[in-house]
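Chemist: Fold the following for me, if possible:
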Amino acid sequence: RGKCGCGGGGGGGGGVTASPKRRLYALTAARMRMSEEEEENGEKTRRRTTTNTKKTGKTGMLNRVPNVAQSKDILLSGVKRASRITHTSGMRVPLLKERNKSAKQLDGLTTGLCKPLGEYVKGFPKINRLHPFEKAMLELTVDPETYVKTIREVDAARKAMLTMGKEYSSRAKNGKTERETKAIREEGFKNMEARFVKSQAKFEKLKEMAKKLRRLPVAELETPTVAMVGAPNVGKSSLVRSVSSGVPEVNNYPFTTRGVVMGHFFIEDRRHVVTDTPGLIFRADEERNKIERLAIATLEHLPVCAVFVTDLSGLSGTSVEDQLALRNELRERFASRRPWLDVLSKCELVPALGGKLDNSLETTWTEEDTKSAETAAKMLKESGALVTSVADGAGIAELKVVLEDERLYDGIEELKRSKFRNDADSNAADE
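Modeler: The predicted structure is shown next:
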């Protein structure tokens, strides 16, 4: 046994091949080692991806920026606390007592003024760490250059006061007489306060910026979300209310007075969000106002199912042609990257959908308007659009059935995974 040299063996020693059983054991052991190495490498990759994903995969960073106190309160608190500091107990020599007290008070004032500012500066996230949606919200709320400049100016003022405080403390420790040491302390307090007051406008600017950012609603990345999109006044908010469980809430943004209606519904106890988005006008992105850019940011950066709402009643204020042009633009940009659904609203007021024209339009509605609505209705229905009316409930049950089909959200889950992978790969490349 083992004298034949064939069979792919060759164990090293005196030319004697290993038995089939030993070869099987060796092969199994090798495979186990390879499997363990692959699993270990896979785990390292998963940990690295998870770590990088966390850096840009979460929202709410802007909502958690520090609650900046009023600058006058920081100053009063710092001076008050520093003034209460006494010399170290047990000291007997008057000069040493004054040196100790003065140096400690100056250090206390420096800490009282600089520590809060340092914590504020650290509490504002770097722009490249923000989730893309929050980065877009920052651009709409506070100009990014202003954001960076304000934080940098506050930090520069903090560093200047820190340097000044250290210098006065060092001088106080080496005062030649009690009177001189006390004079150094008083001068230090006066100049530190003056320096702080000189920079108060920067601190107040930081406070106002923080107030705006903390008001931003937080996007729910882990919750399946339906976004109603379309031109202004096409019935998006009404549809949100009609498919929601309970009373929808209104999210307010600091850069607009218009609230965004957000509701929810449940599929087997899992919460789903349905929200309207600000009305869009068919025009280039650079011509769109801030509230329009919020709608684009929602579609661009959040894993949502897009429901485009078209109103053929003539009451929205946007022509059928412009609504279809807007639909084509958004479909071309987003339909390949997220689930898309078309909905026709206000069908009770659209003759082409079996409704009756609103009385206010009887004198202005033309034959051309009728043809335009009929052509659009036919095209959209052939494309699978759902016909709805919030006023009489037509099509609402069917819309709910579609929205409550979990298969609609499979594309959202894949979008989230691919988006997070791309974020992780981008971060790994940057680092």
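
Chemist: from here on, contacts and neighbour counts on C-alpha atoms
Modeler: Will do.

Chemist: Okay, helices next: where are they in the stretch 101-250 of the chain?
Modeler: For the stretch 101-250 of the chain, the helices defined by DSSP state H, counting those that start in this stretch cover 132-141, 144-173, 178-198, 200-214, 236-243.

Chemist: Is it possible to get a markdown table of the ones you listed that adds mean neighbour count?
Modeler: Shown next, in a markdown table, are the helices of the stretch 101-250 of the chain (neighbours: other Cα atoms under 10 Å):
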| stretch | mean neighbour count |
| --- | --- |
| helix 132-141 | 20 |
| helix 144-173 | 18 |
| helix 178-198 | 18 |
| helix 200-214 | 19 |
| helix 236-243 | 22 |
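
Chemist: Adding mean pLDDT and distance to residue 252 as columns, could you present these in JSON lines?
Modeler: Shown next, in JSON lines, are the helices of the stretch 101-250 of the chain (pLDDT from 0 to 100; distance: least, Cα to Cα, whole Å):
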{"stretch": "helix 132-141", "mean pLDDT": "91", "distance to residue 252": "12"}
{"stretch": "helix 144-173", "mean pLDDT": "97", "distance to residue 252": "21"}
{"stretch": "helix 178-198", "mean pLDDT": "97", "distance to residue 252": "34"}
{"stretch": "helix 200-214", "mean pLDDT": "96", "distance to residue 252": "11"}
{"stretch": "helix 236-243", "mean pLDDT": "92", "distance to residue 252": "14"}
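
Chemist: The stretch 301-431 of the chain: strands as residue ranges?
Modeler: 304-311, 340-345, 386-387 (DSSP state E, counting those that start in this stretch).

Chemist: among those strands, which is the most enclosed?
Modeler: Ranked by mean neighbour count, these are led by strand 304-311 with a mean of 26 (mean count of other Cα atoms under 10 Å).

Chemist: one step back: can I get the strands of the stretch 301-431 of the chain in TSV including mean pLDDT and distance to residue 244?
Modeler: Output for those, formatted as TSV (pLDDT from 0 to 100; distance: least, Cα to Cα, whole Å):
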stretch	mean pLDDT	distance to residue 244
strand 304-311	95	15
strand 340-345	97	16
strand 386-387	97	17
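
Chemist: is it possible to export those strands to JSON lines including distance to residue 317?
Modeler: Below are these laid out as JSON lines (distance: least, Cα to Cα, whole Å):
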{"stretch": "strand 304-311", "distance to residue 317": "10"}
{"stretch": "strand 340-345", "distance to residue 317": "14"}
{"stretch": "strand 386-387", "distance to residue 317": "20"}
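
Chemist: about what we covered before: in TSV, list the helices of the stretch 101-250 of the chain along with distance to residue 226.
Modeler: Shown next, in TSV, are the helices of the stretch 101-250 of the chain (distance: least, Cα to Cα, whole Å):
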stretch	distance to residue 226
helix 132-141	16
helix 144-173	29
helix 178-198	49
helix 200-214	25
helix 236-243	9
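
Chemist: Among those helices, which comes closest to residue 61?
Modeler: Of all these, helix 132-141 sits nearest to residue 61, with 8.0 Å by Cα to Cα.

Chemist: From the rest of the structure, what touches that closest one?
Modeler: The set of residues external to helix 132-141 that reach it, using Cα atoms under 8 Å, 6 or more residues apart in numbering, is 56, 59-62, 127, 144, 212-213, 216, 254-255, 290, 293-294, 297-298, 300-302.

Chemist: Also stretch 95-111?
Modeler: Stretch 95-111 has contacts (Cα under 8 Å, 6+ apart) with 78-79, 81-88, 91, 161-162, 165-166, 168-170, 172-178, 181-182, 185, 188-189.

Chemist: any idea how far residue 220 is from the residue positioned nearest the centre of the chain?
Modeler: Closest to where the C-alpha atoms of the chain average out (Cα atoms, centre = their mean) is residue 134, at 3.0 Å. Applying Cα to Cα, to the nearest Å, the value for residue 134 to residue 220 is 12 Å.

Chemist: Now list whatever residues contact both of the two.
Modeler: Shared contacts of residue 134 and residue 220 (Cα under 8 Å, 6+ apart): residue 59.

Chemist: Can you give me the buried ones in stretch 378-388?
Modeler: Judged by neighbour count (16 or more other Cα atoms under 10 Å), stretch 378-388 contains these buried residues: 380, 385-388.

Chemist: And it, end to end?
Modeler: Stretch 378-388 has an end-to-end distance of 15 Å (Cα to Cα).

Chemist: That one: how far from the chain's middle?
Modeler: Put simply, stretch 378-388 sits 34 Å off its chain's centre (Cα atoms, centre = their mean, to the nearest Å).

Chemist: before we move on, what about stretch 134-154?
Modeler: 14 Å.

Chemist: What of stretch 203-214?
Modeler: On Cα atoms, centre = their mean, the centre of stretch 203-214 falls 18 Å from the chain's centre.

Chemist: ok, residues contacting that stretch?
Modeler: By Cα under 8 Å, 6+ apart, the list of residues contacting stretch 203-214 from outside reads 62-71, 138, 141-142, 147, 150-151, 154, 254.

Chemist: about what we covered before: I'd like the buried residues of stretch 378-388 laid out as a markdown table, including distance to residue 368.
Modeler: Formatted as a markdown table, those follow (distance: Cα to Cα, whole Å):
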| residue | distance to residue 368 |
| --- | --- |
| 380 | 18 |
| 385 | 23 |
| 386 | 24 |
| 387 | 22 |
| 388 | 24 |
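
Chemist: Please give me every residue in contact with the nearest residue to residue 358 once chain neighbours are set aside.
Modeler: In space, residue 358 comes closest to residue 349 once its chain neighbours are excluded; the distance is 5.9 Å by Cα to Cα, 6 or more residues apart in numbering. Counting by Cα under 8 Å, 6+ apart, residue 349 touches 313, 355-358.

Chemist: repeat for residue 77
Modeler: Residues counted as contacts of residue 77 (Cα under 8 Å, 6+ apart) are residue 112.

Chemist: That one belongs to a helix, doesn't it?
Modeler: Yes - applying DSSP: H, G, I helix; E, B strand; the rest coil, one finds residue 77 inside a helix.

Chemist: Leaving aside the residues adjacent along the chain, what's closest to residue 262?
Modeler: That would be residue 275: by Cα to Cα, 6+ apart, it lies 4.3 Å from residue 262.
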